[in-house]
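Undergrad: Quick one, what's the 3D model for this:
(one chain, ligands or ions: 1)
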Amino acid sequence: MTLYDRAKKVIPGGVNSPVRAFGSVHMDPIFFNRAKGCKIYSTEGKEYIDYIGSWGPMILGHSRQDLIKKAQGYLEEVITLGLPSDVEVEMAETFTKATKTDMVRMVNSGTEATMSAIRLARGYTGENKIIKFEGCYHGHSDGLLVKSGSGTLTYHAPTSLGVPQATIEDTLVCRYNDLEDVEAKFQEFKDQIACIIIEPIAGNMGVVIPDKEFLQGLRKLCDQNQAILIFDEVITGFRTRYGSVGEFFDVKADLYTYGKIIGGGLPVGAFAGSREIMEKLSPLGGVYQAGTLSGNPLAMKMGLDTLHELESHPEIYDKLDQFALELDQGFCKNLKEVGIPGKVTRFHGMMSLFFGEFDEIKSFDDVQAADTDLYEKYFHGMVEEGFILAPAQFEAIFLSDAHTEDVIQKTLEANRRVLEKISKS
Ligand SMILES: Cc1ncc(COP(=O)(O)O)c(C=O)c1O
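TA: Numbers count the residues shown, from 1 in each chain. Next up, the predicted model:
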């Protein structure tokens with residue numbers, strides 16, 4: 001019996017998170033058991049170049065020996081206490097400095113971070129309605145599973161069974177990059193909107209870049225209407241620069257949610273903001289939020305190691321930018337020369353390769369034009385060549401510090417071969 005057969009017997013769909021099922025590329029999932037640098041190894045011993053990086057956290061690459069050695073030492077000291085620890089304070093100091101916030105609360109996942117930030121925004125404003133954007137994914141809490149991206153987009157299930165209608169009645173959905181749509185919602189629901197939550201660069205419908213005026217317009221609308229602006233930086237945080245991506249657009253949010261990278265590979269999330277808002281949280285204020293493993297010393301120490309590396313080596317971001325640019329240019333050249341329609345979206349080191357004919361890629365509607373059949377063929381071809389990409393069109397490509405110029409060139413050569421094969425089929 002294969003591992004997948006065994007998995008299917010005891011885990012729904014054989015996986016602990018839907019995108020891992022490889023469903024949208026119609027392939028059985030590959031199981032892995034080892035990772036090193038930018039390479040991951042299947043249980044059958046095949047080596048792959050990894051462009052998922054655990055969906056973001058592994059920005060420094062897998063199993064860096066110096067970090068592993070440190071983590072081994074941490075295990076000897078303490079794993080979890082459920083009591084205050086010194087390293088939580090150190091993390092909060094490092095984190096708030098990096099994100100230019102006053103206070104932070106650590107949680108265990110991005111889902112928890114967004115869910116808690118929204119409760120806080122509602123508690124602070126006293127209003128119930130929230131605005132989210134089509135194609136943005138903010139985790140799987142009930143009120144946010146409306147027209148979301150990532151796995152829900154891939155599986156064409158914008159909402160989920162089990163989410164009561166009443167729960168999503170307060171969730172208003174707008175078009176990404178469409179300020180007028182948001183203005184209209186503020187007019188229609190005057191004085192009822194608690195917050196806007198947005199991925200400041202969308203990653204969960206593939207990478208979609210916001211217009212600067214759009215993000216600045218959201219800031220203005222929130223100010224005019226006493227609503228809270230939440231940047232969900234679970235993907236973007238510390239990915240293209242050390243801290244918030246909002247700085248590229250000169251926009252500050254009121255609350256930020258983070259995850260992925262900040263745990264150094266362990267399950268961590270965080271939400272942060274101004275003292276005035278954050279002090280509404282329990283035990284100081286009336287907005288309840290808690291977590292047995294929140295801020296556990298092991299995750300805090302591993303997260304801090306990653307943050308310290310990123311802070312002390314800003315050249316990592318230059319390298320990711322450069323590699324993404326090379327992939328962008330190389331993909332576009334190959335697509336053009338082979339005659340396959342496609343487009344690359346890229347913001348610094350964050351990028352997607354979309355297949356299909358596009359005028360522009362600015363919204364969820366635009367990404368609908370993607371040719372998922374072509375992506376499927378491309379994915380299969382790249383797997384054969386020894387590359388693991390997201391097993392779905394509507395995701396980002398994740399680079400790491402462990403990728404090398406040689407790997408980038410090999411990727412472009414494989415990309416060329418696969419595109420040529422597709423064009424002849
Ligand atoms: C932007 C964004 N927010 C929230 C989440 C949810 O995070 P988690 O999967 O850690 O619950 C994700 C997950 O991919 C995400 O991309």
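
Undergrad: Poorly predicted segments of the stretch 101-250 of the chain, please.
TA: 148-159 (pLDDT under 70).

Undergrad: Closest residue of it to the ligand?
TA: Nearest residue of the stretch 101-250 of the chain to the ligand, counting by CB to the nearest ligand atom: G110, 2.2 Å away. All C-beta spots, glycine's among them, are computed from the backbone N, C-alpha and C.

Undergrad: residues near that residue, how many?
TA: 28 (other CB atoms under 10 Å).

Undergrad: what's the answer for Q72, then?
TA: 9.

Undergrad: Now do it, the pLDDT please.
TA: Looking at Q72, its pLDDT reads 98.

Undergrad: Run the chain-centre distance for the helix or strand harbouring it.
TA: Taking DSSP states H and E as the definition, one finds Q72 inside helix 65-77. Taking CA atoms, centre = their mean, to the nearest Å, one finds helix 65-77 lying 26 Å from the centre of the chain it belongs to.

Undergrad: Give me the contact list for the helix or strand that it is followed by.
TA: Downstream of helix 65-77, the first helix or strand assigned by DSSP H and E is helix 86-99. Contacts of helix 86-99 with the rest of the structure, by CB atoms under 8 Å, 6 or more residues apart in numbering, involve 101-104, 106, 237-238, 242-244, 256, 258, 262, 270, 272, 295, 297, 300-301, 303-304, 307-308, 311.

Undergrad: rerun that using 7 Å as the cut-off
TA: 102-104, 106, 242-244, 256, 270, 272, 295, 297, 300-301, 303-304, 307, 311 (CB atoms under 7 Å, 6 or more residues apart in numbering).

Undergrad: and it, average pLDDT?
TA: 98.

Undergrad: So which bits of it are buried?
TA: 87-88, 91-92, 94-96, 98-99 (16 or more other CB atoms under 10 Å).

Undergrad: closest to the ligand among those?
TA: T99 (15.3 Å).

Undergrad: For M350, give me phi and psi.
TA: phi -110, psi 130 (degrees, to the nearest 10).

Undergrad: Can you name the residues of the stretch 151-300 of the chain sitting close to the ligand?
TA: 199, 203-204, 232, 234-235, 259, 269 (CB under 6 Å from any ligand atom).

Undergrad: Any chance of CSV for those, columns neighbour count?
TA: Conversion of these to CSV gives the following (neighbours: other CB atoms under 10 Å):
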residue, neighbour count
E199, 27
G203, 29
N204, 25
D232, 31
V234, 29
I235, 29
G259, 28
G269, 27
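
Undergrad: thinking again about what came up before, now, which of the contacts of helix 86-99 lie within strands?
TA: 103-104, 106, 256, 270, 272 (DSSP state E).

Undergrad: just so I have it, where are all the helices in the chain?
TA: 3-10, 65-77, 86-99, 110-125, 150-154, 165-168, 179-188, 212-224, 275-278, 297-312, 315-338, 364-367, 372-385, 405-424 (DSSP state H).

Undergrad: Among the residues of the stretch 151-300 of the chain next to the ligand, name the ones in strands.
TA: 232, 269.

Undergrad: ok, C332 to E326 distance?
TA: Per CB to CB, to the nearest Å, C332 is found 11 Å from E326.

Undergrad: Could you do F95 as well?
TA: Distance from F95 to E326, by CB to CB: 32 Å.

Undergrad: Show me what I388 bridges to in the sheet.
TA: Per DSSP bridges, the residues bridged to I388 are D50.

Undergrad: Report the separation between it and G263.
TA: In terms of CB to CB, I388 sits 21 Å off from G263.

Undergrad: So for these two, which residue has more residues nearby?
TA: G263 (23 against 19).

Undergrad: The more buried one reaches M58, doesn't it?
TA: No. The criterion here is CB atoms under 7 Å, and G263 misses it with M58 at 10.7 Å.

Undergrad: Quick check: neighbours shared by those two?
TA: By CB under 7 Å, 6+ apart, no residue touches both G263 and M58.

Undergrad: Tell me, domain by domain, which residues of this protein belong where.
TA: Domains of the chain are assigned by automatic domain parsing as 3-63+314-424, 65-312.

Undergrad: Any idea how far the last one is from the middle of the chain?
TA: When distances are taken as CA atoms, centre = their mean, domain 65-312 is centred 10 Å away from the chain's centroid.

Undergrad: got it, and the shortest one?
TA: Computed by CA atoms, centre = their mean, the separation of domain 3-63+314-424 from the middle of its chain amounts to 15 Å.

Undergrad: The nearest residue to L412 once chain neighbours are set aside - how many residues pack around it?
TA: Of all residues not flanking L412 in the chain, G330 sits nearest, at 3.9 Å (CB to CB, 6 or more residues apart in numbering). By the measure other CB under 10 Å, the count of residues near G330 is 18.

Undergrad: Likewise for the one 3 residues further on?
TA: The number of residues packed around K333, counting by other CB under 10 Å, is 13.

Undergrad: ok, now how distant is it from the ligand?
TA: 30 Å (CB to the nearest ligand atom, to the nearest Å).

Undergrad: cool, and F398?
TA: Distance from F398 to the ligand, by CB to the nearest ligand atom: 11 Å.

Undergrad: right, and that residue touches Y51 too?
TA: Yes. Contact criterion CB under 7 Å: F398 and Y51 qualify, at 6.0 Å.

Undergrad: neighbour count winner among those two?
TA: Just comparing F398 and Y51: by other CB under 10 Å the higher neighbour count belongs to F398, 26 against 21.
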